[in-house]
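> I'd like to go over a predicted model; first the sequence, then the structure.
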Amino acid sequence: MPVKKNRPVSKSRIKKGPTPDPDLRFSFKFFYSSDAEMCPPTFQDEYTQTLMQRLRDLSTWKVSRFTGTTDKTVRNHKHDWDRTSRPRGFVNLNAHFQAYDGWQFCLTVNEHGRVHGIMIDDTFYVIWLDQNHNLYP
């Protein structure tokens with residue numbers, strides 16, 4: 001009985017399926033705490049708990065939901081830097097990362113300010129914790 005040799009599968013025969021829609025993730029790799037206006041040295045009562053609850057809730061979202069639909073309770077959207085107090089954007093980042101769109105979301109509707117960062121693939125990189133809503137005064 002002849003032995004069949006394993007033949008490599010031609011890449012042209014492999015059909016790609018739909019790109020999966022990953023869950024939203026968070027990173028503090030680019031967190032910039034040296035800017036006291038955009039990230040105060042102390043936070044109001046219950047800020048940390050509110051932040052962690054929002055991160056927990058948003059981590060159940062798919063990336064497409066966060067980047068594709070503005071939710072009024074989350075106020076997630078890209079920045080229009082010209083309409084902010086920082087028209088040059090995230091100047092603390094190197095040019096490569098500055099090229100990414102700035103994003104924001106709120107912690108609660110009328111309190112606790114906004115979280116600002118950049119989206120790379122499935123990860124929101126937190127840069128500023130803008131408790132006092134200083135970016136959009």
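Sure thing, it's come through.

> ok, the closest residue to Leu93 other than its chain neighbours - how many residues close by?
With CB to CB, 6 or more residues apart in numbering as the criterion, Leu93 has its nearest non-adjacent residue at 6.2 Å, and that residue is Phe30. Every C-beta, even on glycine, is put in place using the N, C-alpha and C of the backbone. Counted by other CB atoms under 10 Å, the residues lying close to Phe30 total 17.

> Phe30 and His96 touch, don't they?
No: counting by CB atoms under 8 Å, Phe30 stays clear of His96, with 11.4 Å between them.

> Find the residue at the geometric middle of this protein.
Phe124 (2.2 Å; CA atoms, centre = their mean).

> quick one: that residue is in a strand?
Yes: per DSSP: H, G, I helix; E, B strand; the rest coil, Phe124 lies within a strand segment.

> Which pLDDT value belongs to it?
pLDDT, Phe124: 98.

> wouldn't it be in contact with Gln104 here?
No: judged on CB under 8 Å, Phe124 makes no contact with Gln104 at a distance of 9.9 Å.

> which residues do these two both contact?
Residues touching both Phe124 and Gln104 (CB atoms under 8 Å, 6 or more residues apart in numbering): Gly117.

> for the longest helix along the chain, packing partners?
For the chain, the longest helix by residue count, based on DSSP state H, is helix 47-58. Under the contact definition 3 or more CB pairs under 8 Å, 6 or more residues apart in numbering; DSSP states H and E, helix 47-58 sits against strand 102-106.

> which outside residues touch the strand it packs on?
With CB under 8 Å, 6+ apart as the test, strand 102-106 has contacts from 54, 58, 66-67, 74-79, 81, 89-90, 112-119, 124, 130, 135.

> for the helix or strand following that strand, which positions count as buried?
Next helix or strand after strand 102-106 toward the C-terminus (DSSP states H and E): strand 114-120. Neighbour counts over strand 114-120 (16 or more other CB atoms under 10 Å) mark 114-119 as buried.

> how big is the angle separating strand 114-120 from helix 47-58?
40 degrees (axes from the mean of the first three to the mean of the last three CA atoms, to 10 degrees).
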